[in-house]
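A.B. asks: Take this sequence and fold it.
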Amino acid sequence: MEIKLNDTTPRLLSLKEVIRLTGKSRSTLWRDINAKTFPLPLKIGLRSIAFKSNEISEWIESRSRIQLNGTNGEGK
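C.D. replies: Okay, here's the model as predicted:
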């Protein structure tokens, strides 16, 4: 049986996927997790963790855009 995921269905992301999506290094990611400034992972096994995709998406969207030449970062 195939399970279909849509944009509203949260899925679990591996640490490697989160590192790729955020551009953070592993050590910076753990520093932010310990400082409670990044979503906490779920323990999914004895030595395995995962992150909820919707929490990571919300974290990414909450980041401020930088100002470039007086624009909103979109280059317009």
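A.B. asks: Every contact and neighbour count from this point should use C-alpha atoms.
C.D. replies: Noted.
A.B. asks: so what does the top strand by length along the chain touch, helix or strand wise?
C.D. replies: Taking DSSP state E as the criterion, the chain has its longest strand at strand 49-52. In terms of contacts (3 or more C-alpha pairs under 8 Å, 6 or more residues apart in numbering; DSSP states H and E), strand 49-52 is packed against strand 12-13, helix 15-22, strand 42-43.
A.B. asks: What helix or strand is the residue nearest the centre of the chain located in?
C.D. replies: Central residue of the chain (C-alpha atoms, centre = their mean): residue 56, 3.0 Å from the mean position. Using DSSP states H and E, residue 56 sits in helix 53-62.
A.B. asks: for that helix, which positions count as buried?
C.D. replies: Going by neighbour count (16 or more other C-alpha atoms under 10 Å), the buried part of helix 53-62 is 53, 54, 55, 56.
A.B. asks: now the residues you listed as a markdown table including distance to residue 44 and pLDDT?
C.D. replies: Below are the buried residues of helix 53-62 laid out as a markdown table (distance: C-alpha to C-alpha, whole Å; pLDDT from 0 to 100):
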| residue | distance to residue 44 | pLDDT |
| --- | --- | --- |
| 53 | 14 | 95 |
| 54 | 17 | 94 |
| 55 | 16 | 95 |
| 56 | 17 | 95 |
